[in-house]
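**Student:** Let me see the structure of the following:
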Amino acid sequence: MHIDPPECTVQIDDSAGIEQAANTIGNLTAQMTAAHAKAQAAFYQTLTPEQQEEYKEILKDVVSDLQGMSLGNPSEVCYQRVIRTQYGYVVQDFTYRKFLDKAKAYFEGIGIALCGRVAEFEYINMDEAVRRGLSVVEQIRSKDP
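**Tutor:** A predicted model of the protein is given here:
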């Protein structure tokens, strides 16, 4: 079965195609969310009681901070998880820039704005991080009707 991307069906005013694409995207999103939640639940069970409390506290702090910055309300949060990484700095080699540009183009192509040291895989100063953050906010706002 071939499914046209939603933008193609919109351009030709194909209501059935739009509905089919939306249903497919919805089903795949639901499957992905369920898989992530199951994996997260299994991981959570491996934590000690102290680690579980720390995990819950981190999530609570993040949601509270988002609310404090007027970026959301706790009732609007439908999924959350904590991700810890062993290494916090990017190791650059000769292929670094090529693959980074490819990754950034992929995320831009699916509508995800990358912002910050971790998301952009660059070690930048705080003033530059804030400048880039404000720039992304403006870009998102300019696209919002």
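**Student:** How is the residue positioned nearest the centre of the chain assigned, secondary-structure-wise?
**Tutor:** With distances taken as Cα atoms, centre = their mean, residue 112 lies nearest the centre of the chain, 6.9 Å away. Following DSSP: H, G, I helix; E, B strand; the rest coil, residue 112 is assigned to coil.
**Student:** Tell me, how many residues neighbour residue 82?
**Tutor:** As a burial measure, residue 82 scores 14 neighbours (other Cβ atoms under 10 Å). Where C-beta positions appear, they are placed from N, C-alpha and C, glycine not excepted.
**Student:** Residue numbering should commence at 562 henceforth.
**Tutor:** Okay, residue one is now 562; in that scheme the one you just asked about reads as residue 643.
**Student:** I figured it hits residue 618, correct?
**Tutor:** No: between residue 643 and residue 618 there is no contact under Cβ atoms under 8 Å: 9.9 Å.
**Student:** Now do the domain split for the protein, please.
**Tutor:** 562-607, 608-645, 647-706 (automatic domain parsing).
**Student:** and the longest helix anywhere in the chain, what does it pack onto?
**Tutor:** The longest helix of the chain (DSSP state H) is helix 576-606. For helix 576-606, the packing partners by 3 or more Cβ pairs under 8 Å, 6 or more residues apart in numbering; DSSP states H and E come out as helix 567-572.
**Student:** can you give me the mean pLDDT across the helix it packs on?
**Tutor:** The pLDDT scores in helix 567-572 average 60.
**Student:** how about stretch 587-597: buried residues?
**Tutor:** Buried residues in stretch 587-597, defined by neighbour count with 16 or more other Cβ atoms under 10 Å: none.
**Student:** try stretch 663-676
**Tutor:** residue 676.
**Student:** contacting residues around that stretch?
**Tutor:** Residues from elsewhere that reach stretch 663-676 (Cβ atoms under 8 Å, 6 or more residues apart in numbering): 681-682, 693-694, 697, 700-701.
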